[in-house]
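Undergrad: build the 3D model from these lines:
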Amino acid sequence: MPKILFVASEAHPLIKTGGLGDVAGSLPAALQSRRADVRLLLPAYRDAVTRAGKLKTMATLTVPGLDSPVKIMEGRLPGTSVITWLADFPPAYDRPGHPYLDPRGQPWPDNAMRFALLAHVATALALGRTRIQWRPDVVHCHDWQTGLVPALLAREKSRPSTVFTIHNLSYQGLFPPQTFTALALAPELWSPEALEFHGRLSFIKGGLLFADQLTTVSPAYAREIQTPEFGDGLDGLLRRRAARLSGILNGIDDSEWDPARDRFIGKPYSARQPGNKAANKLALQREFGLPQETDTPLIGMVGRLVQQKGIDLILDTLPGLMHRPLQLVVLGSGETAYEVSLRKQVQRYPHRLAVRIGYDEGLAHRIEAGADMFLMPSRFEPCGLNQLYSLRYGTIPIVRRVGGLANTVVNATDENIKSGKATGIVFKDARAGALLAAVDRALALQKNTRCWKQMMHAGMRQDFSWRRSAAEYLRLYKQAARANGQRQDHEPGRKDAHVPGKSGKRTGPKP
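TA: Numbering: from 1, shown residues only. Now for the predicted structure:
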């Protein structure tokens, strides 16, 4: 089985800001369970070091431009036996809080240096240029923070295969041209056929152009990002590399997210014995200070309060929703304007709407267990995890037909209901009226007890575990190994790499 170096900027439970952290915290262990030899590389953030437990220094290496060496510290990913390496360089990583943002919520001004450093460490490990006697067959990189790794490795004559996963194309790692000079990257990498993008340095292009295989986190999103609507200016490049691009659905930790064994909920239940879900609903209403009404439909939402997640649609729809016989509970944080708007609406509808700003892992579990329905009206959604949790917890998802939501929720059409395949409510347009109509459909279906229970059971029977996804990744690694033999695909200047800037001309970085 292959040796895999897994390079990421976050991994649960060491550090997490979103779905990437869940993937990097779960997929390595799932691959290892299939006898793959996996090592995980992360920056040595202060919180990650604290949570990692016992660590030992395995190697030191010199990175050009740094005054002191970088240490590679080894431990285990908590709760697993996955060997985890932390790249320790305190000036870059020994900071409190968020891995990408400063205390004011702005990107750290030296993010380019911090993640270029991670790329250099990953490259050294991949090429056996440290004292560590282990070399991978595959280097699996994730999102823009690791985008330089495939670009650096592509210039080497003898290297492992590379896979680059796009978790969210809207985050691209764009920096001014002076940054390219400051990072002392090879001059030939500054061109539209390499890392230059409309006159700026693009980290993500390093992965998109030079990796042997590209993946994203759902089949639908893999198709969507090849269109102008979802491609964020990179759709042309992705269409050119379409033969190397595939979508593999994220999985969930089905031992952590299991209503029969969930340590965060008061009353466990299962598909065979779902009765306690009603008790969890009453407990959730009590926790949020809402009237404890068993017959009143309770809708949950957990997520970032940003436009991507459709929070603007919910706010536009709220007056109509609050005139329906339902309750809505929201857990999340995000843009200040949305947080303020939600707080104001709670004052208008104190018996119908409850909001918690922030994130609470236990409360997220209790919302999934206690809600009747779960709302995800995303404008785009590479994969999404909450709809998967909802299905597992017998909580009917109401979702927009985009990305992973389209791949995982079976719409309650008459035909799908009749065949027993329906698992949720799916709507198409990103409009408040379409969202409200979808909620009305759900409310009407809930009145049909037999149909509603059938949908609950159909969702709870689905297998969205990492075991399934890991098998697909292992097949992909074999494809990457075959692609690695075609070196001409990875030379700067090849035809399928050209993504011109605004002028279509090459421009050198400003000093």
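Undergrad: please make it C-alpha for all contacts and neighbour counts, starting now.
TA: OK.
Undergrad: quick one, domains of this structure?
TA: Using automatic domain parsing, the domain ranges for the chain come out as 3-251+469-497, 277-460.
Undergrad: least confident of the ones you listed, on average?
TA: Among those, domain 3-251+469-497 carries the lowest mean pLDDT, at a mean of 93.
Undergrad: can you give me the pLDDT of Arg506?
TA: As predicted, Arg506 sits at a pLDDT of 40.
Undergrad: quick one: the helices in the stretch 251-400 of the chain, in order.
TA: Using DSSP state H, counting those that start in this stretch, the helices of the stretch 251-400 of the chain run over 277-288, 311-322, 336-348, 361-370, 386-392.
Undergrad: hmm, back to that, what about the domains of the chain, which gets the closest to Trp257?
TA: Relative to Trp257, the nearest member of the domains of the chain by Cα to Cα is domain 277-460, separated by 6.7 Å.
Undergrad: beta partners for Phe6?
TA: Going by DSSP bridges, Phe6 is paired in beta bridges with Leu40, His140.
Undergrad: I'd assumed Asp37 was in contact with it.
TA: No - if you go by Cα atoms under 8 Å, Phe6 and Asp37 don't touch, sitting 10.4 Å apart.
Undergrad: quick one, which of these two is more surrounded?
TA: Phe6 (23 against 19; other Cα atoms under 10 Å).
Undergrad: so who does that one touch?
TA: Contacts for Phe6 (Cα atoms under 8 Å, 6 or more residues apart in numbering) come out as 24, 28, 38-41, 139-141.
Undergrad: same thing but at 10 Å, please
TA: 24, 27-28, 38-42, 84-85, 122, 136, 138-142, 163 (Cα atoms under 10 Å, 6 or more residues apart in numbering).
Undergrad: strands along the stretch 201-350 of the chain, start to end?
TA: For the stretch 201-350 of the chain, strands defined by DSSP state E, counting those that start in this stretch occupy the ranges 213-216, 245-247, 298-302, 327-332.
Undergrad: got it, and the stretch 1-150 of the chain?
TA: For the stretch 1-150 of the chain, applying DSSP E, counting those that start in this stretch gives strands covering 3-7, 37-43, 56-61, 70-76, 83-88, 138-142.
Undergrad: measure Leu353 to Val346 for me?
TA: Remark: distance between Leu353 and Val346 (Cα to Cα, to the nearest Å) = 6 Å.
Undergrad: scratch that, Gln462 is what I was asking about
TA: The gap separating Gln462 from Val346 is 35 Å, by Cα to Cα.
Undergrad: I figured Gln347 was touching Leu353, is that so?
TA: Yes - between Gln347 and Leu353 there is a contact under Cα atoms under 10 Å: 8.7 Å.
Undergrad: and the two? Which one has more around it.
TA: A count of neighbours by other Cα under 10 Å puts Leu353 above the other of Gln347 and Leu353, at 25 against 11.
Undergrad: so how far is stretch 199-213 off the chain centroid?
TA: 19 Å (Cα atoms, centre = their mean, to the nearest Å).
Undergrad: CA atoms of that stretch as CSV?
TA: Only the C-alpha atoms of stretch 199-213 are listed here, as CSV (Å, rounded to 0.1, in the frame of the first residue of the first chain):
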residue,chain,number,x,y,z
GLY,A,199,-0.5,40.4,-12.1
ARG,A,200,-0.6,38.7,-8.7
LEU,A,201,1.0,35.7,-7.1
SER,A,202,-1.6,32.8,-6.8
PHE,A,203,-0.7,30.0,-4.4
ILE,A,204,-3.7,27.9,-5.5
LYS,A,205,-2.5,27.9,-9.1
GLY,A,206,0.6,25.9,-8.0
GLY,A,207,-1.7,23.1,-7.1
LEU,A,208,-4.1,23.4,-10.0
LEU,A,209,-1.4,23.5,-12.6
PHE,A,210,1.3,21.2,-11.3
ALA,A,211,-0.4,18.4,-9.3
ASP,A,212,-0.7,15.0,-11.1
GLN,A,213,-4.3,14.7,-10.0
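Undergrad: Ser255 - how many residues pack around it?
TA: The local packing of Ser255 (other Cα under 10 Å) involves 11 other residues.
Undergrad: my error: substitute Leu42 in the last question.
TA: Leu42: 24 surrounding residues under other Cα under 10 Å.
Undergrad: so it makes contact with Ser9?
TA: Yes - counting by Cα under 10 Å, Leu42 does reach Ser9; the two are 5.6 Å apart.
Undergrad: between these two, what contacts are shared?
TA: Residues touching both Leu42 and Ser9 by Cα under 10 Å, 6+ apart: 15, 24, 118.
Undergrad: might one say that the last one is in contact with Pro43?
TA: Yes - counting by Cα under 10 Å, Leu118 touches Pro43, with 6.7 Å between them.
Undergrad: what residues are shared contacts of those two?
TA: Here Leu118 and Pro43 share the contacting residues 7-9, 86-89, 92, scored by Cα under 10 Å, 6+ apart.
Undergrad: can I get those residues in TSV with distance to Leu435?
TA: Putting the shared contacts of Leu118 and Pro43 into TSV (distance: Cα to Cα, whole Å) gives the following:
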residue	distance to Leu435
Val7	38
Ala8	35
Ser9	35
Leu86	44
Ala87	45
Asp88	47
Phe89	48
Ala92	44
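Undergrad: please check the residues you listed and keep the buried ones.
TA: 7-9, 86-89, 92 (16 or more other Cα atoms under 10 Å).
Undergrad: quick one: which of the domains of the chain is nearest Pro268?
TA: Among these, the nearest to Pro268 by Cα to Cα is domain 277-460 (7.8 Å).
Undergrad: quick check: end-to-end length of the closest one?
TA: End-to-end distance of domain 277-460 (Cα to Cα): 13 Å.
Undergrad: and if you look at stretch 400-419?
TA: One end of stretch 400-419 sits 22 Å from the other (Cα to Cα).
Undergrad: now do that stretch: distance to the chain's middle.
TA: On Cα atoms, centre = their mean, the centre of stretch 400-419 falls 22 Å from that of its chain.
Undergrad: repeat for stretch 171-190
TA: For stretch 171-190, the distance to the chain centre is 25 Å (Cα atoms, centre = their mean).
Undergrad: what's the span of that stretch from first residue to last?
TA: 20 Å.
Undergrad: may I see the buried residues of it?
TA: 172-175, 177, 179-181, 189-190.
Undergrad: same question for stretch 288-302.
TA: For stretch 288-302, the buried set under the neighbour-count rule, 16+ other Cα under 10 Å, comprises 288, 290, 297-302.
Undergrad: may I have stretch 252-264 as PDB, with CA atoms only?
TA: Extracted C-alpha coordinates of stretch 252-264, given in PDB (Å, rounded to 0.1, in the frame of the first residue of the first chain):
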ATOM      1  CA  ILE A 252     -18.100  12.000   8.300                       C
ATOM      2  CA  ASP A 253     -16.800  10.500  11.500                       C
ATOM      3  CA  ASP A 254     -19.700   8.100  12.100                       C
ATOM      4  CA  SER A 255     -18.500   7.200  15.500                       C
ATOM      5  CA  GLU A 256     -18.500  10.800  16.600                       C
ATOM      6  CA  TRP A 257     -21.700  11.600  14.800                       C
ATOM      7  CA  ASP A 258     -23.900   8.800  15.900                       C
ATOM      8  CA  PRO A 259     -27.300   9.500  17.700                       C
ATOM      9  CA  ALA A 260     -27.100   6.100  19.300                       C
ATOM     10  CA  ARG A 261     -23.800   6.900  21.100                       C
ATOM     11  CA  ASP A 262     -23.600  10.700  21.000                       C
ATOM     12  CA  ARG A 263     -22.100  11.900  24.300                       C
ATOM     13  CA  PHE A 264     -23.500  15.400  23.800                       C
END
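Undergrad: mind listing residues that contact it?
TA: Stretch 252-264 has contacts (Cα under 10 Å, 6+ apart) with 22-23, 25-27, 30, 265, 267-271, 273-274, 276-277, 361-366, 368-369, 385-386, 388-390, 392-394, 460, 463-467, 469.
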